[in-house]
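In: need the 3D shape of this:
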Amino acid sequence: MASTVDIPLAPEWLEWEAKIGARPVLSDSVPHMREQFDGLGKLLAEQWGEPIPGVSTKDMVTDSGLDVRVYRPDASADKLVPLGVFFHCGGYCIGGIIYEDNLVRNLCVRSQTVIVSVQYRHAPEFSAPTALNDAADATLWAVKNAESFGADSTKVYTMGASAGAALSVSTFLKLYDDGHKDLISGIVSLSPCFVHPDLVSDHAGKHTSFVNSNGVLPVIDENSMRIFYDTYNAPLDHPHIFALNYPDMSVFPKTYIAAAEFDPLRDDSVLLSEKLALAKVDHKLKTYSSLPHVFWLFPIPQSLTFFDDTAAAIRDVLSL
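Out: Below you'll find the predicted structure:
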(Lines give C-alpha, C1' and ligand atoms only; values in the text may rest on other atoms or scores of the structure.)
Protein backbone atom coordinates (compact mmCIF):
# COMPACT_ATOMS: atom_id res chain seq x y z
CA MET A 1 0.00 0.00 0.00
CA ALA A 2 1.24 3.48 -0.89
CA SER A 3 0.70 6.65 1.07
CA THR A 4 -2.17 8.82 -0.14
CA VAL A 5 -0.12 11.63 -1.69
CA ASP A 6 -2.20 14.66 -2.67
CA ILE A 7 -2.92 14.29 -6.37
CA PRO A 8 -6.28 15.33 -7.85
CA LEU A 9 -7.88 11.91 -8.10
CA ALA A 10 -11.65 11.70 -8.53
CA PRO A 11 -13.57 12.17 -5.25
CA GLU A 12 -15.28 8.81 -5.76
CA TRP A 13 -11.88 7.10 -5.94
CA LEU A 14 -10.63 8.90 -2.85
CA GLU A 15 -13.79 7.87 -1.03
CA TRP A 16 -13.09 4.22 -1.90
CA GLU A 17 -9.51 4.58 -0.61
CA ALA A 18 -10.81 6.14 2.59
CA LYS A 19 -13.08 3.16 3.20
CA ILE A 20 -10.16 0.72 3.14
CA GLY A 21 -7.74 3.15 4.78
CA ALA A 22 -4.95 2.97 2.21
CA ARG A 23 -3.93 3.40 -1.40
CA PRO A 24 -3.38 0.04 -3.17
CA VAL A 25 -0.18 -0.33 -5.19
CA LEU A 26 1.48 -3.51 -6.39
CA SER A 27 5.07 -3.62 -5.17
CA ASP A 28 8.27 -5.42 -4.12
CA SER A 29 8.31 -8.69 -6.09
CA VAL A 30 6.14 -10.92 -8.25
CA PRO A 31 5.34 -13.34 -5.38
CA HIS A 32 4.33 -10.41 -3.19
CA MET A 33 2.31 -8.85 -6.00
CA ARG A 34 0.45 -12.12 -6.46
CA GLU A 35 -0.49 -12.10 -2.79
CA GLN A 36 -1.50 -8.44 -2.97
CA PHE A 37 -3.58 -8.91 -6.11
CA ASP A 38 -5.30 -11.99 -4.75
CA GLY A 39 -6.28 -10.13 -1.59
CA LEU A 40 -7.46 -7.13 -3.57
CA GLY A 41 -9.42 -9.36 -5.95
CA LYS A 42 -11.27 -11.02 -3.07
CA LEU A 43 -12.09 -7.63 -1.54
CA LEU A 44 -13.40 -6.25 -4.83
CA ALA A 45 -15.52 -9.34 -5.52
CA GLU A 46 -17.11 -8.93 -2.11
CA GLN A 47 -17.73 -5.22 -2.70
CA TRP A 48 -19.28 -5.77 -6.15
CA GLY A 49 -21.61 -8.43 -4.76
CA GLU A 50 -23.61 -10.93 -6.79
CA PRO A 51 -22.73 -11.31 -10.50
CA ILE A 52 -24.97 -9.39 -12.86
CA PRO A 53 -27.76 -11.41 -14.51
CA GLY A 54 -28.17 -12.01 -18.21
CA VAL A 55 -25.02 -13.99 -18.96
CA SER A 56 -24.21 -17.69 -18.97
CA THR A 57 -20.68 -18.99 -18.53
CA LYS A 58 -18.86 -22.23 -19.28
CA ASP A 59 -15.33 -23.10 -18.22
CA MET A 60 -13.45 -24.96 -20.95
CA VAL A 61 -9.94 -26.05 -21.91
CA THR A 62 -8.38 -25.34 -25.30
CA ASP A 63 -6.76 -28.02 -27.41
CA SER A 64 -3.36 -26.90 -26.09
CA GLY A 65 -4.49 -27.08 -22.46
CA LEU A 66 -5.26 -23.43 -21.64
CA ASP A 67 -8.14 -22.68 -19.30
CA VAL A 68 -10.77 -20.33 -20.73
CA ARG A 69 -14.17 -19.10 -19.63
CA VAL A 70 -16.82 -18.54 -22.29
CA TYR A 71 -19.40 -15.82 -21.59
CA ARG A 72 -22.63 -15.79 -23.61
CA PRO A 73 -25.40 -13.14 -23.37
CA ASP A 74 -28.71 -14.82 -22.55
CA ALA A 75 -30.69 -12.30 -24.61
CA SER A 76 -28.97 -13.47 -27.80
CA ALA A 77 -29.27 -17.21 -27.21
CA ASP A 78 -31.18 -17.76 -30.45
CA LYS A 79 -28.63 -16.27 -32.86
CA LEU A 80 -24.94 -16.03 -33.62
CA VAL A 81 -23.31 -12.92 -32.17
CA PRO A 82 -19.80 -11.46 -32.55
CA LEU A 83 -16.88 -13.10 -30.77
CA GLY A 84 -14.44 -11.36 -28.43
CA VAL A 85 -11.26 -12.87 -27.02
CA PHE A 86 -10.22 -11.25 -23.74
CA PHE A 87 -6.80 -11.19 -22.06
CA HIS A 88 -6.52 -10.28 -18.39
CA CYS A 89 -4.33 -7.65 -16.73
CA GLY A 90 -1.33 -8.41 -14.51
CA GLY A 91 1.94 -7.45 -16.18
CA TYR A 92 2.30 -10.91 -17.76
CA CYS A 93 3.00 -12.20 -14.23
CA ILE A 94 -0.17 -12.12 -12.11
CA GLY A 95 -3.96 -12.02 -12.44
CA GLY A 96 -6.39 -14.33 -14.16
CA ILE A 97 -9.89 -15.05 -15.36
CA ILE A 98 -11.48 -14.88 -11.91
CA TYR A 99 -10.20 -11.39 -11.13
CA GLU A 100 -11.85 -9.82 -14.18
CA ASP A 101 -15.02 -11.88 -14.16
CA ASN A 102 -17.14 -8.85 -13.22
CA LEU A 103 -15.68 -6.75 -16.05
CA VAL A 104 -16.18 -9.44 -18.70
CA ARG A 105 -19.71 -10.25 -17.54
CA ASN A 106 -20.67 -6.59 -17.81
CA LEU A 107 -19.13 -6.21 -21.26
CA CYS A 108 -20.75 -9.42 -22.47
CA VAL A 109 -24.23 -8.26 -21.47
CA ARG A 110 -23.79 -4.67 -22.57
CA SER A 111 -22.22 -5.47 -25.95
CA GLN A 112 -24.28 -8.60 -26.65
CA THR A 113 -21.21 -10.49 -27.79
CA VAL A 114 -19.72 -13.82 -26.76
CA ILE A 115 -16.43 -13.31 -24.92
CA VAL A 116 -13.77 -15.96 -24.35
CA SER A 117 -11.55 -15.00 -21.41
CA VAL A 118 -8.11 -16.61 -21.57
CA GLN A 119 -5.88 -17.81 -18.73
CA TYR A 120 -2.53 -17.39 -20.47
CA ARG A 121 0.60 -18.58 -18.69
CA HIS A 122 2.63 -16.21 -16.52
CA ALA A 123 6.25 -15.25 -15.99
CA PRO A 124 8.60 -16.04 -14.34
CA GLU A 125 7.48 -19.63 -14.78
CA PHE A 126 6.89 -18.94 -18.49
CA SER A 127 8.83 -16.01 -19.91
CA ALA A 128 8.34 -14.17 -23.20
CA PRO A 129 6.88 -14.86 -25.66
CA THR A 130 4.75 -17.50 -23.88
CA ALA A 131 1.86 -15.17 -23.03
CA LEU A 132 1.69 -13.95 -26.63
CA ASN A 133 1.85 -17.46 -28.04
CA ASP A 134 -0.89 -18.57 -25.64
CA ALA A 135 -3.06 -15.59 -26.60
CA ALA A 136 -2.69 -16.29 -30.31
CA ASP A 137 -3.32 -20.00 -29.81
CA ALA A 138 -6.44 -19.35 -27.75
CA THR A 139 -7.74 -16.90 -30.35
CA LEU A 140 -7.41 -19.46 -33.12
CA TRP A 141 -9.13 -22.05 -30.90
CA ALA A 142 -11.98 -19.65 -30.12
CA VAL A 143 -12.53 -18.85 -33.79
CA LYS A 144 -12.44 -22.53 -34.75
CA ASN A 145 -15.05 -23.34 -32.10
CA ALA A 146 -17.07 -20.13 -32.36
CA GLU A 147 -20.29 -21.64 -33.61
CA SER A 148 -20.36 -24.18 -30.77
CA PHE A 149 -20.79 -21.35 -28.28
CA GLY A 150 -23.10 -19.27 -30.43
CA ALA A 151 -20.56 -16.89 -31.94
CA ASP A 152 -19.96 -15.64 -35.46
CA SER A 153 -16.41 -16.47 -36.56
CA THR A 154 -16.47 -13.69 -39.17
CA LYS A 155 -16.92 -10.94 -36.55
CA VAL A 156 -14.02 -11.28 -34.15
CA TYR A 157 -12.30 -8.74 -31.91
CA THR A 158 -9.47 -8.98 -29.42
CA MET A 159 -9.68 -7.14 -26.11
CA GLY A 160 -7.70 -6.89 -22.91
CA ALA A 161 -6.63 -4.78 -19.97
CA SER A 162 -3.08 -3.53 -19.21
CA ALA A 163 -0.72 -6.36 -20.23
CA GLY A 164 -3.82 -8.02 -21.65
CA ALA A 165 -4.49 -4.83 -23.62
CA ALA A 166 -1.00 -5.12 -25.06
CA LEU A 167 -1.83 -8.74 -25.89
CA SER A 168 -5.00 -7.61 -27.69
CA VAL A 169 -2.72 -5.70 -30.06
CA SER A 170 0.24 -8.07 -30.23
CA THR A 171 -2.06 -11.05 -30.85
CA PHE A 172 -3.51 -9.30 -33.88
CA LEU A 173 -0.02 -8.50 -35.17
CA LYS A 174 1.29 -12.03 -34.64
CA LEU A 175 -1.71 -13.62 -36.31
CA TYR A 176 -1.51 -11.12 -39.16
CA ASP A 177 2.13 -11.95 -39.74
CA ASP A 178 1.35 -15.67 -39.46
CA GLY A 179 -1.00 -15.36 -42.42
CA HIS A 180 -4.36 -14.82 -40.66
CA LYS A 181 -4.71 -11.37 -42.16
CA ASP A 182 -8.51 -11.13 -42.08
CA LEU A 183 -9.21 -13.02 -38.86
CA ILE A 184 -9.50 -10.04 -36.49
CA SER A 185 -12.02 -7.31 -37.31
CA GLY A 186 -11.28 -4.96 -34.42
CA ILE A 187 -9.20 -4.29 -31.30
CA VAL A 188 -10.35 -2.95 -27.92
CA SER A 189 -7.25 -2.09 -25.89
CA LEU A 190 -7.81 -0.91 -22.31
CA SER A 191 -4.74 0.85 -20.87
CA PRO A 192 -2.10 -1.09 -22.82
CA CYS A 193 1.60 -1.26 -21.93
CA PHE A 194 4.12 -0.85 -24.76
CA VAL A 195 6.97 1.30 -23.36
CA HIS A 196 9.65 -0.10 -21.06
CA PRO A 197 10.82 2.64 -18.63
CA ASP A 198 14.33 2.32 -20.09
CA LEU A 199 12.99 3.36 -23.50
CA VAL A 200 11.04 6.47 -22.46
CA SER A 201 13.87 8.67 -23.75
CA ASP A 202 13.33 7.25 -27.24
CA HIS A 203 10.03 9.13 -27.49
CA ALA A 204 11.30 12.71 -27.52
CA GLY A 205 9.60 13.85 -24.35
CA LYS A 206 6.19 12.52 -25.37
CA HIS A 207 6.11 9.88 -22.59
CA THR A 208 5.91 11.57 -19.19
CA SER A 209 3.42 9.44 -17.28
CA PHE A 210 6.13 7.43 -15.48
CA VAL A 211 7.58 10.63 -13.99
CA ASN A 212 7.14 10.88 -10.20
CA SER A 213 4.79 7.89 -10.20
CA ASN A 214 6.62 5.78 -7.62
CA GLY A 215 4.77 5.60 -4.33
CA VAL A 216 2.24 8.13 -5.60
CA LEU A 217 -0.09 6.62 -8.19
CA PRO A 218 -2.58 3.91 -7.20
CA VAL A 219 -2.41 0.30 -8.39
CA ILE A 220 0.90 0.42 -10.32
CA ASP A 221 3.86 2.77 -10.72
CA GLU A 222 7.15 2.78 -12.62
CA ASN A 223 8.70 0.32 -10.16
CA SER A 224 5.80 -2.10 -10.68
CA MET A 225 6.26 -1.99 -14.44
CA ARG A 226 10.02 -2.55 -14.18
CA ILE A 227 9.39 -5.70 -12.16
CA PHE A 228 6.79 -6.94 -14.65
CA TYR A 229 8.84 -6.22 -17.77
CA ASP A 230 12.07 -7.57 -16.33
CA THR A 231 10.31 -10.75 -15.21
CA TYR A 232 8.61 -11.32 -18.57
CA ASN A 233 12.01 -10.68 -20.19
CA ALA A 234 10.84 -9.81 -23.69
CA PRO A 235 13.38 -8.34 -26.13
CA LEU A 236 12.81 -4.58 -26.18
CA ASP A 237 12.83 -4.55 -29.98
CA HIS A 238 10.17 -7.27 -30.31
CA PRO A 239 7.77 -6.01 -33.01
CA HIS A 240 4.68 -7.70 -31.54
CA ILE A 241 5.11 -7.48 -27.76
CA PHE A 242 6.32 -3.88 -27.95
CA ALA A 243 3.92 -2.97 -30.73
CA LEU A 244 5.22 0.58 -31.20
CA ASN A 245 8.15 -1.16 -32.93
CA TYR A 246 5.88 -2.65 -35.59
CA PRO A 247 7.02 -1.42 -39.02
CA ASP A 248 3.62 -0.94 -40.69
CA MET A 249 0.83 0.36 -38.48
CA SER A 250 -1.49 0.70 -41.47
CA VAL A 251 -2.38 -3.00 -41.19
CA PHE A 252 -4.31 -2.40 -37.95
CA PRO A 253 -8.07 -2.96 -37.99
CA LYS A 254 -10.44 -0.47 -36.42
CA THR A 255 -9.11 0.11 -32.90
CA TYR A 256 -10.34 1.57 -29.61
CA ILE A 257 -7.92 2.59 -26.87
CA ALA A 258 -8.86 3.55 -23.32
CA ALA A 259 -6.49 5.39 -20.99
CA ALA A 260 -6.62 6.91 -17.51
CA GLU A 261 -5.09 10.25 -16.49
CA PHE A 262 -3.26 9.03 -13.38
CA ASP A 263 -1.85 5.87 -14.89
CA PRO A 264 1.89 5.41 -15.56
CA LEU A 265 0.79 3.71 -18.81
CA ARG A 266 -1.29 6.69 -19.99
CA ASP A 267 1.24 7.82 -22.57
CA ASP A 268 1.64 4.30 -23.98
CA SER A 269 -1.92 4.79 -25.23
CA VAL A 270 -1.19 8.29 -26.51
CA LEU A 271 1.85 7.10 -28.47
CA LEU A 272 -0.10 4.22 -30.00
CA SER A 273 -2.87 6.61 -31.00
CA GLU A 274 -0.36 8.97 -32.62
CA LYS A 275 1.18 6.16 -34.65
CA LEU A 276 -2.24 4.92 -35.78
CA ALA A 277 -3.22 8.46 -36.75
CA LEU A 278 -0.06 8.84 -38.85
CA ALA A 279 -0.93 5.55 -40.56
CA LYS A 280 -4.51 6.78 -41.12
CA VAL A 281 -6.01 3.88 -39.15
CA ASP A 282 -9.60 4.32 -38.01
CA HIS A 283 -9.29 4.47 -34.24
CA LYS A 284 -10.37 6.30 -31.10
CA LEU A 285 -8.54 7.17 -27.88
CA LYS A 286 -10.62 7.93 -24.81
CA THR A 287 -8.89 9.18 -21.65
CA TYR A 288 -10.67 9.08 -18.29
CA SER A 289 -9.70 12.10 -16.21
CA SER A 290 -8.74 11.94 -12.53
CA LEU A 291 -8.65 8.13 -12.44
CA PRO A 292 -5.89 5.51 -12.06
CA HIS A 293 -4.87 2.32 -13.80
CA VAL A 294 -7.65 -0.29 -14.24
CA PHE A 295 -10.05 1.84 -12.18
CA TRP A 296 -12.93 -0.13 -13.70
CA LEU A 297 -12.13 -3.11 -11.48
CA PHE A 298 -13.21 -1.01 -8.49
CA PRO A 299 -16.84 -0.39 -7.41
CA ILE A 300 -17.02 3.33 -8.16
CA PRO A 301 -19.63 5.07 -10.35
CA GLN A 302 -17.13 5.72 -13.15
CA SER A 303 -16.74 1.97 -13.64
CA LEU A 304 -20.35 1.66 -14.75
CA THR A 305 -19.80 4.46 -17.26
CA PHE A 306 -16.68 2.68 -18.44
CA PHE A 307 -18.63 -0.55 -18.99
CA ASP A 308 -21.14 1.29 -21.19
CA ASP A 309 -18.43 3.17 -23.09
CA THR A 310 -16.43 0.02 -23.75
CA ALA A 311 -19.47 -1.98 -24.84
CA ALA A 312 -20.30 0.78 -27.32
CA ALA A 313 -16.67 0.71 -28.50
CA ILE A 314 -16.87 -3.05 -29.06
CA ARG A 315 -19.84 -2.61 -31.34
CA ASP A 316 -18.17 0.34 -33.06
CA VAL A 317 -14.92 -1.46 -33.94
CA LEU A 318 -17.08 -4.22 -35.45
CA SER A 319 -19.14 -1.58 -37.32
CA LEU A 320 -22.37 -2.92 -35.82
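
In: geometric centre of this structure: which residue is closest?
Out: Centroid check for the chain by CA atoms, centre = their mean gives Ala161 as the closest residue, at 1.1 Å.

In: who's it bridged to?
Out: Beta-bridge pairing for Ala161 (DSSP bridges): Leu190.

In: Glu12 versus that one, what's the distance?
Out: According to CB to CB, to the nearest Å, Ala161 stands 20 Å off from Glu12. Glycine gets a C-beta too; all of them are placed from N, C-alpha and C.

In: next one: Leu140
Out: Distance from Leu140 to Glu12, by CB to CB: 40 Å.

In: could you check which of these two has the larger neighbour count?
Out: Between Leu140 and Glu12, counting by other CB atoms under 10 Å, Leu140 is the more crowded of the two (19 against 16).

In: where do the strands sit along the protein?
Out: 55-61, 67-73, 81-87, 114-118, 151-161, 186-190, 254-262, 283-292 (DSSP state E).

In: JSON lines for those, including distance to Val169 and mean pLDDT?
Out: Formatted as JSON lines, the strands of the chain follow (distance: least, CB to CB, whole Å; pLDDT from 0 to 100):
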{"stretch": "strand 55-61", "distance to Val169": "25", "mean pLDDT": "98"}
{"stretch": "strand 67-73", "distance to Val169": "20", "mean pLDDT": "98"}
{"stretch": "strand 81-87", "distance to Val169": "10", "mean pLDDT": "98"}
{"stretch": "strand 114-118", "distance to Val169": "15", "mean pLDDT": "98"}
{"stretch": "strand 151-161", "distance to Val169": "8", "mean pLDDT": "98"}
{"stretch": "strand 186-190", "distance to Val169": "6", "mean pLDDT": "98"}
{"stretch": "strand 254-262", "distance to Val169": "8", "mean pLDDT": "98"}
{"stretch": "strand 283-292", "distance to Val169": "11", "mean pLDDT": "98"}
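
In: with distance to Leu276 added, can I get the ones you listed in JSON lines?
Out: Below are these laid out as JSON lines (distance: least, CB to CB, whole Å):
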{"stretch": "strand 55-61", "distance to Leu276": "31"}
{"stretch": "strand 67-73", "distance to Leu276": "28"}
{"stretch": "strand 81-87", "distance to Leu276": "20"}
{"stretch": "strand 114-118", "distance to Leu276": "24"}
{"stretch": "strand 151-161", "distance to Leu276": "15"}
{"stretch": "strand 186-190", "distance to Leu276": "10"}
{"stretch": "strand 254-262", "distance to Leu276": "6"}
{"stretch": "strand 283-292", "distance to Leu276": "5"}
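
In: doesn't Gly91 make contact with the residue nearest to the centre of the chain?
Out: No. Look at Ala161 against Gly91 with CB atoms under 8 Å: they stay out of range, at 11.1 Å.
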